[in-house]
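Colleague: Return atomic coordinates for the entry below.
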Amino acid sequence: MSRDKQITEARLYEALQRLLDGQQRHVKRNGRLTLNKINTEAQLGNSYIHKFSDFVEHAKPLIKKYNDNRERLMVVGLDIEINTSLSEVDKLKSELLRERTLKQKYRKERDNALQARSLLEQAYSELVKRVADLQDERQVHEYVVSPMKR
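Modeller: This next block holds a predicted model:
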């Protein structure tokens, strides 16, 4: 391998490490980690990274792990410990997603409570009607109670 190729590959490894550490210099912090983002961080030409197949094979599992952790942070929230740093935009998106999920949960609970209340009111009104009917029957047919003889 020529000296220039070794230097370029070293730039790729350094760029990957900076991106994994959240210390990027040439790309925005938000979004998923991609080979193109590493390529841009290393300040190489378009798709130049693909000339280094060993580096690409080394980087793909790291990229997948980083993106999976990032997605987990976005969905679950910021209360778990993963050494994936989120940008301010990603943190806000995560918070918005968490709030929307909570609102959907609360709406469902509210709807279920309203439905249960309606069913209880219906059962209560049926019971009240039945009690009224029983009282009317008793008034029409008065029972004569006589003491028991020994």
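
Colleague: Quick one: list the elements packing against the longest helix seen in the chain.
Modeller: Looking across the chain with DSSP state H, the single longest helix is helix 88-140. Where contact means 3 or more CB pairs under 8 Å, 6 or more residues apart in numbering; DSSP states H and E, helix 88-140 is packed against helix 53-76. C-betas here are computed from N, CA, C, even on glycine.

Colleague: so the helix it packs on versus helix 88-140, what angle?
Modeller: Orientation note: helix 53-76 sits at an angle of 30 degrees relative to helix 88-140 (axes from the mean of the first three to the mean of the last three CA atoms, to 10 degrees).

Colleague: export helix 53-76 as PDB, just CAs?
Modeller: Only the C-alpha atoms of helix 53-76 are listed here, as PDB (Å, rounded to 0.1, in the frame of the first residue of the first chain):
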ATOM      1  CA  SER A  53     -12.800  -2.100   1.400                       C
ATOM      2  CA  ASP A  54     -11.000  -3.200   4.600                       C
ATOM      3  CA  PHE A  55     -12.000   0.000   6.300                       C
ATOM      4  CA  VAL A  56     -15.600  -0.300   5.100                       C
ATOM      5  CA  GLU A  57     -15.900  -3.800   6.500                       C
ATOM      6  CA  HIS A  58     -14.400  -2.500   9.800                       C
ATOM      7  CA  ALA A  59     -16.700   0.500  10.000                       C
ATOM      8  CA  LYS A  60     -20.100  -1.200   9.100                       C
ATOM      9  CA  PRO A  61     -20.600  -3.000  12.400                       C
ATOM     10  CA  LEU A  62     -19.600   0.100  14.300                       C
ATOM     11  CA  ILE A  63     -22.000   2.200  12.300                       C
ATOM     12  CA  LYS A  64     -24.800  -0.300  12.800                       C
ATOM     13  CA  LYS A  65     -24.200  -0.300  16.600                       C
ATOM     14  CA  TYR A  66     -24.000   3.500  16.800                       C
ATOM     15  CA  ASN A  67     -27.200   3.900  14.800                       C
ATOM     16  CA  ASP A  68     -29.100   1.200  16.800                       C
ATOM     17  CA  ASN A  69     -28.100   3.000  20.000                       C
ATOM     18  CA  ARG A  70     -29.100   6.300  18.600                       C
ATOM     19  CA  GLU A  71     -32.500   4.900  17.600                       C
ATOM     20  CA  ARG A  72     -33.000   3.400  21.000                       C
ATOM     21  CA  LEU A  73     -32.200   6.800  22.600                       C
ATOM     22  CA  MET A  74     -34.700   8.500  20.200                       C
ATOM     23  CA  VAL A  75     -37.500   6.000  21.000                       C
ATOM     24  CA  VAL A  76     -37.000   5.200  24.700                       C
END
